[in-house]
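Novice: Here is my input; please provide its structure:
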Amino acid sequence: MVVGSVELHALPDAVGLLAEYADAYPEVAAEAWEPYRALYPDLFAGESWRVPCTCYLVRSGGVTVLVDTGVGPPGLWGWTAEQEGDLPDALDRLGVAPSAVDIVFLTHLHIDYVGWNTDLEGSAFFPRARYLAHRDSVAFASSQAERPHVRRCIAPLLDRFEDVDDEVEIAPGVTTFAAPGHYQGHMALRLASKGLEAVLLADVAVHPALLDEPDWIYISDGDPAQSAETRRSLLPELVERDVLVACGHYPGSGIGRVLERDGRVVWEEK
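Specialist: I've put the predicted structure just below:
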């Protein structure tokens, strides 16, 4: 897929059952999920939340950017996995070797976004890449040094991380921006070229239902009120606009558009 002259590719890494909806969204009544069960059946397995974990490759101006690195090799995350460890094969299908990645941009450092930062021995999986993340994300992850994913995927790279803040162009037409609330230093990405746009949401709205119900509270949001405010502030530039909207936890490629349908705000795959 292209956004003007910027390439955007979905790279599936994993899919599995993360939690019961009642546990992940404890303030949301079970019946409130029924419209979204019909809209997004792939995200439901009975009462469980079935979560894809997709990364994105962006190419622009001769720069190859990998946006997040997924769950990583199988068995590292304590969820009910259906499929894991697919990112290297997804890159290979595009003809992209790990050594061809120029930048790894990490929207935040939750376990399902950093898994292929390193190999199982803790060496950088992308040997030439600059690893970019917000300093607050790195500092917060470092404060949790006892967690296995921090020990393997973050701590070995502390001397390689480069700070990136709000509104930094990391490749032509590829700009980071602050999207606070979900995790310390949480960021998203905007692509703009030849009058076309795409927004990579990361975990701004971790489930597409949150685009319609921005005030619903997800238990893993660090600051739920700020997360809701970030969603509300972004929605006007996404809904019924000629803007691609991508999220690695949405069905299929995770790339689509945000539309109004029958009184709801919905995401539809492109």
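Novice: Give me the number of neighbouring residues for residue 160.
Specialist: When counting by other CB atoms under 10 Å, one arrives at 13 neighbours for residue 160. In this view, the C-beta of every residue, glycine as well, is placed from N, C-alpha and C.
Novice: typo on my end, residue 16
Specialist: Look at residue 16: counted by other CB under 10 Å, it has 20 neighbours.
Novice: What of residue 128?
Specialist: Neighbour count of residue 128, defined by other CB under 10 Å: 13.
Novice: Is the spatially closest residue to it that is not a sequence neighbour in a helix, a strand, or coil?
Specialist: The shortest distance from residue 128 to any residue other than its chain neighbours is 5.4 Å, reached at residue 99 (CB to CB, 6 or more residues apart in numbering). In three-state terms, and counting by DSSP: H, G, I helix; E, B strand; the rest coil, residue 99 is helix.
Novice: In contact with residue 99, which residues?
Specialist: The neighbours of residue 99, taking CB atoms under 8 Å, 6 or more residues apart in numbering as the test, are 126-128.
Novice: If we use 10 Å, what do you get?
Specialist: For residue 99, the contact set (CB atoms under 10 Å, 6 or more residues apart in numbering) comprises 126-129.
Novice: swap in residue 67?
Specialist: For residue 67, the residues meeting the contact criterion (CB under 10 Å, 6+ apart) are 8, 11, 54-58, 103-107, 113, 170, 174, 176, 188-189, 200, 202, 246, 248.
Novice: what's the answer for residue 73, then?
Specialist: The neighbourhood of residue 73, defined by CB under 10 Å, 6+ apart, consists of 84-85, 87-88, 115-116, 118-120, 125, 152.
Novice: Just confirm residue 85 is within a strand.
Specialist: No: using three-state DSSP, the assignment for residue 85 is coil, not a strand.
Novice: quick one: pLDDT of residue 268?
Specialist: Residue 268 is assigned a predicted lDDT (pLDDT) of 98.
Novice: Could you do residue 76 as well?
Specialist: Turning to residue 76, the model gives it a pLDDT of 87.
Novice: One more: residue 166?
Specialist: According to the prediction, residue 166 has pLDDT 89.
Novice: I figured residue 233 was touching residue 188, is that so?
Specialist: No: Residue 233 is not in contact with residue 188 according to CB atoms under 10 Å; the separation is 11.5 Å.
Novice: Residues that sit against both of these two, list them.
Specialist: Taking CB under 10 Å, 6+ apart as the contact definition, residue 233 and residue 188 share the neighbouring residues 179, 204.
Novice: ok, those two, which is more surrounded?
Specialist: Remark: of residue 233 and residue 188, residue 188 carries more neighbours, 23 against 12, as counted by other CB under 10 Å.
Novice: And residue 39, how far from residue 28?
Specialist: Here the distance between residue 39 and residue 28 works out to 15 Å (CB to CB, to the nearest Å).
Novice: Which positions in stretch 92-111 come out as buried?
Specialist: For stretch 92-111, a neighbour-count test (16 or more other CB atoms under 10 Å) marks 96, 98, 101-111 as buried.
Novice: gap between the nearest residue to residue 107 once chain neighbours are set aside and residue 176?
Specialist: With CB to CB, 6+ apart as the criterion, residue 107 has its nearest non-adjacent residue at 3.6 Å, and that residue is residue 202. In this view, residue 202 and residue 176 are 10 Å apart by CB to CB.
Novice: ok, now residue 268?
Specialist: When distances are taken as CB to CB, residue 268 and residue 176 turn out to be 26 Å apart.
Novice: which one of those two has more residues nearby?
Specialist: residue 176 (23 against 14).
Novice: can you tell me which residues contact that one?
Specialist: With contacts taken as CB under 10 Å, 6+ apart, residue 176 has the following neighbours: 67, 105, 107, 132-134, 164-170, 187-190, 200.
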